[in-house]
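Enquirer: This is the structure alone, sequence omitted:
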């Protein structure tokens with residue numbers, strides 16, 4: 001394959017992965033935007049809303065595990081297409097929910113499809129990139145998530161945002177169209193095809209391979225960082241509009257803050273990838289985790305609209321920078337034969353945090369602690385996550401043979 005063909009394949013892969021990430025971002029934000037309408041129609045209490053948010057995230061966990069495992073055996077392309085079709089169908093089904101129970105079931109299976117897609121997107125974009133651009137490629141793909149969330153937030157700020165069923169109709173039809181696009185044009189990972197032609201003896205190790213060859217410590221530290229980082233991120237993704245309304249802001253004002261949260265998230269994702277590719281690891285960690293702590297303090301300060309706009313933008317930038325940092329780091333810890341599995345398991349562990357965050361927020365609000373209590377409760381986990389990531393970088397674990405020797 002000549003250089004120009006390789007570059008075309010790389011850019012096509014990036015673009016299609018980015019489009020798919022847009023869908024995930026739209027759906028994740030759609031739940032929070034649709035929440036006020038569903039709350040009124042089904043008379044949902046804060047703990048019940050917490051379960052609605054979290055059960056979709058429960059589906060993400062087995063989805064990430066199984067999706068990554070299958071992608072290392074069958075191929076990235078076909079499992080990704082199946083995942084997109086699955087979450088499209090059940091997002092559409094959410095719009096037809098007739099009870100609280102049916103909402104939960106539809107949300108779980110939507111999460112199953114979404115969960116399977118993410119580790120494959122990370123593996124595909126990392127494997128399509130040149131070694132010098134791996135982190136940037138992953139962060140470029142992942143910035144589709146906050147941009148998709150921004151599209152959902154824009155929809156929520158219009159009169160159409162009051163129709164919660166319409167939000168899920170859009171989230172159901174568009175993925176099916178994107179799945180057709182993936183079927184027509186998405187190329188399979190060249191690294192995966194090369195591995196397949198050389199035989200798959202190593203692939204029989206499965207999950208145990210994540211702990212072989214000095215991988216135990218970096219794997220466990222990656223899991224720890226993913227858990228606490230996603231706890232905070234998904235708390236904000238799901239509860240931010242409700243928390244702002246609870247502080248006295250209007251739905252329209254909350255939507256504007258949410259839009260800025262997602263704009264900041266896209267920029268943070270790109271910034272994190274560039275810092276990692278330039279080996280400015282400590283700077284990336286400081287931006288993500290210290291920035292998140294400061295932004296949470298701003299959101300919980302009960303300040304005016306200007307403070308909320310700045311804090312919302314900063315929270316998005318730093319929270320997504322943290323997640324993008326971890327997702328760019330994960331493929332660098334594992335060789336191609338277990339890469340999607342390794343990424344998938346780390347994503348699944350992170351999903352445990354994403355389940356815990358919305359549930360804990362619902363319980364804290366029900367106890368009367370308010371928005372400030374919810375946001376400040378997230379701070380200790382961020383300190384732990386930042387320590388785990390700094391230790392990973394200080395020991396130079398984030399190096400695999402696919403990375404140039406100059407990085408070792």
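Expert: All right, it came through fine. In this text, all values refer to a predicted model and were calculated from it rather than measured experimentally.
Enquirer: Name the spans of the stretch 151-300 of the chain whose pLDDT lies under the cut-off.
Expert: 161, 196-206 (pLDDT under 70).
Enquirer: Can you check which helix is longest in the chain?
Expert: Using DSSP state H, we find that the single longest helix of the chain is helix 3-42.
Enquirer: average pLDDT for that helix?
Expert: Averaging pLDDT along helix 3-42 gives 82.
Enquirer: centre of the chain versus that helix, how much separation?
Expert: 10 Å (CA atoms, centre = their mean, to the nearest Å).
Enquirer: tally of neighbours for the nearest residue to residue 128 once chain neighbours are set aside?
Expert: Excluding the flanking residues, the one nearest residue 128 by CB to CB, 6 or more residues apart in numbering is residue 13, at 4.0 Å. C-betas here are computed from N, CA, C, even on glycine. Other residues lying near residue 13 total 26 when counted by other CB atoms under 10 Å.
Enquirer: how near is residue 13 to residue 190?
Expert: Using CB to CB, to the nearest Å, residue 13 is found at 10 Å from residue 190.
Enquirer: cool, residue 108 as well?
Expert: Distance, residue 108 to residue 190, by CB to CB: 35 Å.
Enquirer: try residue 119
Expert: 18 Å.
Enquirer: Tell me the helix or strand right after the helix or strand containing residue 295.
Expert: Assigned by DSSP states H and E, residue 295 belongs to helix 291-299. Once the chain leaves helix 291-299, the next helix or strand it forms, by DSSP H and E, is helix 305-329.
Enquirer: Which positions in that following helix come out as buried?
Expert: Buried residues in helix 305-329, counted by 16 or more other CB atoms under 10 Å: 308-329.
Enquirer: quick revisit: neighbour-wise, which of residue 119 and residue 190 wins?
Expert: In terms of neighbours (other CB under 10 Å), residue 119 is the more surrounded of residue 119 and residue 190; the figures are 35 against 16.
Enquirer: doesn't residue 350 make contact with the more buried one?
Expert: No: in this structure residue 119 lies outside contact range of residue 350 using CB atoms under 8 Å: 10.4 Å.
Enquirer: What residues sit buried inside the helix or strand containing residue 228?
Expert: Under the criterion of DSSP H and E, residue 228 resides in helix 216-246. For helix 216-246, burial by neighbour count (16+ other CB under 10 Å) applies to 218-219, 221-244.
Enquirer: now residue 381, nearest residue through space, not along the chain?
Expert: Closest residue in space to residue 381, ignoring its immediate chain neighbours: residue 228 at 3.5 Å, by CB to CB, 6+ apart.
Enquirer: quick one: the one you found from residue 312, how far?
Expert: Applying CB to CB to residue 228 and residue 312 gives a distance of 21 Å.
Enquirer: Averaged pLDDT, stretch 119-134. What do you get?
Expert: Stretch 119-134 comes out at a mean pLDDT of 85.
Enquirer: Enumerate the positions of that stretch that are buried.
Expert: 119-129, 131, 133-134.
Enquirer: Kindly state the distance between the middle of it and the middle of its chain.
Expert: For stretch 119-134, the distance to the chain centre is 16 Å (CA atoms, centre = their mean).
Enquirer: which residues are contacting that stretch?
Expert: 9-10, 13-14, 17, 20-21, 64, 67-68, 71, 76, 79-80, 83, 136-138, 140-142, 189-192, 277, 327-328, 330-332, 336, 339-340, 343-344, 347, 402-404 (CB atoms under 8 Å, 6 or more residues apart in numbering).
Enquirer: now do 6 Å
Expert: Contacts with stretch 119-134, where a contact means CB atoms under 6 Å, 6 or more residues apart in numbering, come from 10, 13, 17, 20-21, 64, 67-68, 71, 76, 79-80, 137-138, 141, 189, 191, 327, 331, 339-340, 343-344, 347, 403-404.
Enquirer: and what of stretch 75-85?
Expert: Against stretch 75-85 from outside (CB under 6 Å, 6+ apart): 67, 70-71, 113, 116-117, 120, 124, 175, 178-179, 182-183, 186, 188-189, 192.
Enquirer: Let's see that with 7 Å instead.
Expert: For stretch 75-85, contacts defined as CB atoms under 7 Å, 6 or more residues apart in numbering pick out 20, 23, 67, 70-71, 113, 116-117, 120, 123-124, 175-176, 178-179, 182-183, 186, 188-189, 192, 340.
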